[in-house]
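> here are the coordinates; sequence isn't available:
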């Protein structure tokens with residue numbers, strides 16, 4: 001029998017414990033304001049991981065970890081497009097010798113831990129688990145140690161929560177901005193402005209999507225405030241309820 005509900009009522013760490021400790025097989029789908037993640041389980045062990053967050057795609061993680069370059073990812077994507085038998089970018093990168101299987105496994109581990117972390121630091125979201133016996137385990141996922149990942153993600157979430165206030169909304173001001181001001185923006189400041197323009201509003205979601213560490217994010221927010229481009233507004237209870245709805 002499957003189960004579903006709100007992450008407010010049943011925290012993610014409890015859901016993962018239920019699935020792993022009872023050796024369940026099936027598909028767990030988690031949905032939050034910032035991204036979706038799908039986890040397949042085979043008798044309680046993680047069989048595969050997929051996410052809708054572009055910054056957590058395997059290719060981007062490999063670049064951020066220094067294993068490959070953007071150019072090599074582009075080449076691999078080109079090869080992937082003309083090879084109908086290859087569905088995963090990781091397989092292509094291994095085949096052409098750009099990365100090792102161990103490096104891909106490291107990236108998958110980072111992908112899952114970061115996804116768990118991002119769900120933990122956001123209020124709200126939904127989950128659904130559908131049991132099935134037809135689960136094919138991805139060999140790359142065989143090295144995942146779910147319990148240690150959850151514990152580390154919880155530690156990081158506690159640290160992150162002491163820095164970022166999820167009760168703040170980021171809004172663009174009505175101040176007219178000239179071209180020289182826009183050209184003077186740092187890459188970090190520009191990415192935050194684009195995030196707001198794309199519809200993100202609460203500071204925690206914007207911080208997560210930015211991929212910046214706490215210091216970089218704080219500097220970017222401060223810089224935009226000094227340029228009078230953004231303002232931080234405390235969310236009202238009704239606004240918070242709207243922001244928490246996936």
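Thanks, I have it. Everything quoted here is computed from the prediction, not taken from an experiment. Numbers count the residues shown, from 1 in each chain.
> And residue 114, how close does it get to residue 121?
11 Å (C-beta to C-beta, to the nearest Å). Placement of C-beta: from N, CA and C, glycine included.
> make that residue 229, sorry
Taking C-beta to C-beta, one finds residue 229 at 25 Å from residue 121.
> Residue 75 now?
35 Å.
> between the two, which one's more packed in?
residue 121 (22 against 16; other C-beta atoms under 10 Å).
> Which helix or strand contains the residue nearest to that one when sequence neighbours are not counted?
Distances taken as C-beta to C-beta, 6 or more residues apart in numbering place residue 157 nearest to residue 121, at 4.8 Å, with adjacent residues excluded. If you go by DSSP states H and E, residue 157 is part of helix 146-161.
> same check, this time on residue 66
Here residue 66 is assigned to no helix or strand, by DSSP H and E.
> For whatever helix or strand comes next after the helix holding residue 157, the averaged confidence score.
Using DSSP H and E, the helix or strand that follows helix 146-161 in sequence is strand 168-172. The pLDDT scores in strand 168-172 average 83.
> Residues contacting strand 168-172, please?
192-193, 196-197, 200-203, 206, 221, 229-235, 239, 243 (C-beta atoms under 8 Å, 6 or more residues apart in numbering).
> so who does the closest residue to residue 107 other than its chain neighbours touch?
Leaving aside its sequence neighbours, residue 107 sits nearest to residue 61 (C-beta to C-beta, 6+ apart; 4.3 Å). By C-beta under 8 Å, 6+ apart, the contact list for residue 61 reads 107, 110-111.
> so can I have a markdown table of those residues showing pLDDT?
Formatted as a markdown table, these follow (pLDDT from 0 to 100):
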| residue | pLDDT |
| --- | --- |
| 107 | 86 |
| 110 | 85 |
| 111 | 85 |
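> Please flag which of the residues you listed sit within helices.
107, 110-111 (DSSP state H).
> just curious, which of these is nearest to residue 40?
residue 111 (13.8 Å; C-beta to C-beta).
> Can you report how many residues neighbour that closest one?
That count, for residue 111 with other C-beta under 10 Å as the rule, works out to 21.
> ok, now the one 4 residues further on?
Counted with other C-beta under 10 Å, the neighbours of residue 115 add up to 26.
> where does it land in three-state SS?
Applying DSSP: H, G, I helix; E, B strand; the rest coil to residue 115 yields a three-state assignment of helix.
> tell me the contacts of it?
Contacts of residue 115 by C-beta under 8 Å, 6+ apart are 30, 35, 37, 49, 51, 53, 56.
> List the backbone torsions phi and psi for the third one.
To tie it back to what came earlier, the one meant is residue 37. Dihedral pair for residue 37: phi -140, psi 140, per degrees, to the nearest 10.
> one step back: and the buried ones among the contacts of strand 168-172, selectable in ChimeraX?
Remark: buried members of these, expressed as a ChimeraX selection using 16 or more other C-beta atoms under 10 Å:
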select :192,193,196,200,201,202,203,206,221,229,230,235,243
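> where are the low-confidence patches of the chain?
84-87, 163-166, 209, 211, 213, 235-246 (pLDDT under 70).
> tell me the domain ranges of it?
With automatic domain parsing as the criterion, the domains of the chain are listed as 3-161, 168-244.
> can you give me the helices for this protein?
Using DSSP H, helices in the chain cover 12-21, 58-64, 70-82, 89-95, 101-120, 146-161, 179-183, 187-197, 203-210, 214-226, 237-244.
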